[in-house]
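Chemist: 3D model of this:
(chains A, B, C and D)
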Protein chains: 4
Amino acid sequence: MNNNEAIRILVTGGTFDKEYDMIHGKLHFEETHVPEMLQLGRCRLDIEVRTIMMIDSLDMTDADRASILHQCKQSSESKIVITHGTDTMSETGAYLAKENLDKTIILTGAMIPYKFGSSDGFFNLGSALAFVQTLPVGVYVVMNGRYYDWDNVRKNNKTGYFEELRES
Amino acid sequence: MNNNEAIRILVTGGTFDKEYDMIHGKLHFEETHVPEMLQLGRCRLDIEVRTIMMIDSLDMTDADRASILHQCKQSSESKIVITHGTDTMSETGAYLAKENLDKTIILTGAMIPYKFGSSDGFFNLGSALAFVQTLPVGVYVVMNGRYYDWDNVRKNNKTGYFEELRES
Amino acid sequence: MNNNEAIRILVTGGTFDKEYDMIHGKLHFEETHVPEMLQLGRCRLDIEVRTIMMIDSLDMTDADRASILHQCKQSSESKIVITHGTDTMSETGAYLAKENLDKTIILTGAMIPYKFGSSDGFFNLGSALAFVQTLPVGVYVVMNGRYYDWDNVRKNNKTGYFEELRES
Amino acid sequence: MNNNEAIRILVTGGTFDKEYDMIHGKLHFEETHVPEMLQLGRCRLDIEVRTIMMIDSLDMTDADRASILHQCKQSSESKIVITHGTDTMSETGAYLAKENLDKTIILTGAMIPYKFGSSDGFFNLGSALAFVQTLPVGVYVVMNGRYYDWDNVRKNNKTGYFEELRES
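Modeler: Below you'll find the model as predicted:
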C-alpha cells in the first residue's frame, strides 16, 4: 500500500463550514475552512480541495447529488472525502453507492461549525483523511471517530450521534 | 472487520499535553487533555485512556520505554494509540517493534500544545484513532495526516514535519 | 474615588450569550457566560451577576424594559452593567434614562457570540467594567472600545459599528 | 470630556505577546498581537500602536525603562497604554511616575499569553483602554478588571493576582 496517494476533497457546505453573519445575526456560508484546517493540522498529504456547493444538506436536491456524483466520477484521484451536512449524509451515500465506482468515497461533516471554537469538525477531518487512505473501495460515512457503511448508518436526531442500523 | 473494536490510549505527555503555568511563566504538565478531546470530537469508540507518565520525550529513558512496552503487552485491547512527544517517537517505535506484538500500535502527538488554540493535536488524534482501526498489526507513527512505518520515519527538526527515510 | 466599589451585572441575553444548538442547527440561549468570562479575565472586582431574561433584543417589550428598570432601581449597587442585544440598546437606554436614577448604568453586548471564538464580547466586558467604575452617574452604551451617552448613539446596521448622532 | 481622544499604545512584550515556538518547544516573541486584538474587539478608538521592545519584564533594564519614558514624553497623545510583563510593572510605574508627566499612563499585561486561547489579555486590553480615557493624569497599573495607583500595587507571586499595598 503506497501511503501517500492523492486525495480529493469535495466541499458541499453543511454545518462544518457555517459561520456567524454578524450583520444579520444568523448563520450563513462564506468560504470553506478546509484549506485552513489542513494547514493547522500540518497535513502533508497530496490533497486537491474543490468546492462544489455551499449548502445546508436539508436543501440538497437530486440535481445537487448528481453534481456530486459527477465530480466523483471525474476525479482523477480514487480517494475522495466529501464534506457534507449531517442530516442527509446517508441519502447522498446511497445515491453515490448505486454507481459502484472503483473509488473509496467518504462523507464527513460536523455537528458544530468549525469556526465556533468547540467543533468536532477538525477531529472528523483527521479521521476521514485517515480512513480514506486505508478503507477498501466503497462509500462510507465517517463521524464520531468511526466509519459506517453507507447502507448501515443513520443520524439519531435526538442525540446527534450516528448509529448502525443493524449489529455489526 | 468489526468496526467498533476496543482501543486503548496510553498517555505519556509530550507537547500534546503541555500547558502554560502562569505562576512561573513556563510550560508544564498537569492532567492529560485526551478525555476532553474525545468528548469534543463526539467520539463513540470504545476507548480506555490510561496515563502512564507525563514527560517531555527528550527526557524519556529506557526504563520509561520498558514501562510503555509493559503496558502495551498487558493491554487486553489489540489496538493501541500512544500519545508521545515528537522528538523521540521513532526511538520508542523501534523499542516497541522489537517485541513483535500481535497488536496495532500507533504513536502520535502534536507540534503545538492542545491548549494553545492553534494545535494540530486534535486533528492528529482523529487520524490516529482511524488508522489504529484499519492498519494491520505493526508499529507506526501518525503525524501530518499520514502514517509511517516505525523504521521509515524521522522528524525533520528544521521544519517540524515528519519524513520517510526512503521512497515508498 | 474608592476603586473597588460593588458592581451589579444584569444579564438580558443578546448575541453576547447566544450558542449553537447542534440538535436543531440554530442559535439559541442556554446559561449566561458572564461568570466564566469574569473568571477567564481573572477579574477581582466585587460583582454580583443576576440573569433577568435571555432574549434577543429585537424581541424585547416594554414589559421587559420595565423589569430591567425595576432591577436597576432595586440594586443596592450604584454601578450597573447590563448585557444586552445590540439592536435595541439605545431604546433600553432611553427607557432607563427617563428615571434619572442616581446610578452609573452601562449597556454593553457583542456583535459575535462569546462562544464563537472570535467574539468582541470579552473585550467589551472588560471596557464596560472599567467605564462603570469611572464614569459619572448616567446611562451609557459601551461598544467598540468607547462609551456613548444614551441619547447620542445608534448602531449602524450596515457596518455593525456604533456611531454618535452628533459631533462630540 | 471629549470621548474620542487619540490614544497611544506602547508595546514592550511580556507574557501578553508570547507565542509557542514549535521548532524549539519554547515560548518566544514574534510580532505583537495588539493590532489583531483591536480588530477583534471591533475597536473604533483613534489609536497609534508602537512596538518599542519585545522582552520579558524580568529582563528589563533601566536603559529599557529610559526608552519607555522617552516614548511617553515624545508621544503627542496624552493618553498612553503600555503593554508590559507583569513581574516588574510596578518598577516601571515608579520609574515613569518620577517625571510627573501631564499624561494618563496605564501599564497592563496578561498572566496567560493572548495566543493560548484562555488568556486574560483581551479583557485587560478592553479595560485598560477604557480606564485611559477616563482616569485623571497619573501612572496606573490595570489588571484583574481594576486600576491601581503606581505606588499602591504589587503582584502576588503566589496567586498571580494584583493587590493594593494599603487599604483604599
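Chemist: Residue of chain A closest to chain C, please.
Modeler: Closest contact between chain A and chain C, by Cβ to the nearest Cβ, is at residue A:117 (3.5 Å). From N, CA and C alone the C-beta is placed, and that goes for glycine too.
Chemist: what's near enough to touch that residue?
Modeler: Neighbouring residues of residue A:117 by Cβ atoms under 8 Å, 6 or more residues apart in numbering or on different chains: C:115-117.
Chemist: can I get those in a markdown table with distance to residue D:133?
Modeler: Compiled in a markdown table, those are given as follows (distance: Cβ to Cβ, whole Å):
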| residue | distance to residue D:133 |
| --- | --- |
| C:115 | 29 |
| C:116 | 28 |
| C:117 | 28 |
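Chemist: now those in CSV, with secondary structure and pLDDT?
Modeler: Output for those, formatted as CSV (DSSP: H, G, I helix; E, B strand; the rest coil; pLDDT from 0 to 100):
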residue, secondary structure, pLDDT
C:115, helix, 92
C:116, helix, 90
C:117, coil, 83
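Chemist: quick check, nearest of the residues you listed to residue C:90?
Modeler: For those, the residue nearest residue C:90 by Cβ to Cβ is residue C:116; the value is 24.5 Å.
Chemist: since we're on that closest one, how many residues are nearby?
Modeler: Residues near residue C:116, counting by other Cβ atoms under 10 Å in any protein chain shown, number 22.
Chemist: Am I right that it is in contact with residue A:115?
Modeler: Yes - look at residue C:116 against residue A:115 with Cβ atoms under 8 Å: they come within range, at 6.6 Å.
Chemist: Can you pull the residues that touch both of the two?
Modeler: residue A:20.
Chemist: Now chain A against chain B: closest residue?
Modeler: residue A:126 (2.9 Å).
Chemist: Per-residue pLDDT of the residue lying closest to that residue once chain neighbours are set aside, please?
Modeler: Nearest non-adjacent residue to residue A:126, counting by Cβ to Cβ, 6 or more residues apart in numbering or on different chains: residue B:126, 2.9 Å away. According to the prediction, residue B:126 has pLDDT 98.
Chemist: which residues does residue B:126 contact?
Modeler: Counting by Cβ under 8 Å, 6+ apart, residue B:126 makes contact with A:122-127, A:130, A:145, B:41.
Chemist: what about the helix or strand harbouring it, distance to the chain center?
Modeler: Assessed by DSSP states H and E, residue B:126 sits inside helix B:121-134. Put simply, helix B:121-134 sits 9 Å off its chain's centre (Cα atoms, centre = their mean, to the nearest Å).
Chemist: That helix: what's the following helix or strand?
Modeler: Sequence order places strand B:138-143 as the next helix or strand after helix B:121-134, per DSSP H and E.
Chemist: The residue nearest to residue A:58 when sequence neighbours are not counted: neighbour count?
Modeler: Residue nearest to residue A:58 in three dimensions, not counting chain neighbours: residue A:87, with 5.1 Å by Cβ to Cβ, 6+ apart. Neighbourhood size, residue A:87 [other Cβ under 10 Å]: 18.
Chemist: how would you label residue A:87: helix, strand or coil?
Modeler: The assignment at residue A:87 comes out as coil when based on DSSP: H, G, I helix; E, B strand; the rest coil.
Chemist: Just list the residues touching it, thanks.
Modeler: Contact partners of residue A:87, counting by Cβ under 8 Å, 6+ apart, are A:56-58, A:155, C:25.
Chemist: what do you get if the cut-off is 10 Å, keeping everything else the same?
Modeler: By Cβ atoms under 10 Å, 6 or more residues apart in numbering or on different chains, residue A:87 lies in contact with A:14-15, A:56-60, A:109, A:155, A:157, C:25.
Chemist: Chain A: strands as residue ranges?
Modeler: Remark: strands assigned in chain A by DSSP state E are A:7-13, A:18-21, A:26-29, A:47-55, A:79-83, A:104-108, A:138-143, A:146-149, A:154-155, A:162-163.
Chemist: Of these, which is nearest residue D:99?
Modeler: Nearest to residue D:99, of all those, is strand A:18-21, at 46.4 Å by Cβ to Cβ.
Chemist: helices or strands next to the closest one in the packing?
Modeler: strand A:26-29, strand C:18-21 (3 or more Cβ pairs under 10 Å, 6 or more residues apart in numbering or on different chains; DSSP states H and E).
Chemist: CA atoms of stretch A:126-145 as CSV?
Modeler: Output in CSV follows, covering the C-alpha atoms of stretch A:126-145 (Å, rounded to 0.1, in the frame of the first residue of the first chain):
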residue,chain,number,x,y,z
GLY,A,126,-8.4,14.0,10.6
SER,A,127,-10.2,10.7,10.9
ALA,A,128,-11.9,10.9,7.4
LEU,A,129,-8.5,11.5,5.8
ALA,A,130,-7.0,8.5,7.6
PHE,A,131,-9.9,6.2,6.7
VAL,A,132,-9.9,7.2,3.0
GLN,A,133,-6.3,6.1,2.9
THR,A,134,-7.0,2.7,4.4
LEU,A,135,-10.5,1.5,3.7
PRO,A,136,-11.3,-0.6,0.6
VAL,A,137,-13.3,0.7,-2.4
GLY,A,138,-16.8,1.7,-1.3
VAL,A,139,-19.0,4.5,0.2
TYR,A,140,-18.8,5.3,3.9
VAL,A,141,-19.9,7.9,6.4
VAL,A,142,-17.2,8.9,9.0
MET,A,143,-18.4,10.6,12.2
ASN,A,144,-17.8,10.1,15.9
GLY,A,145,-14.3,8.6,15.3
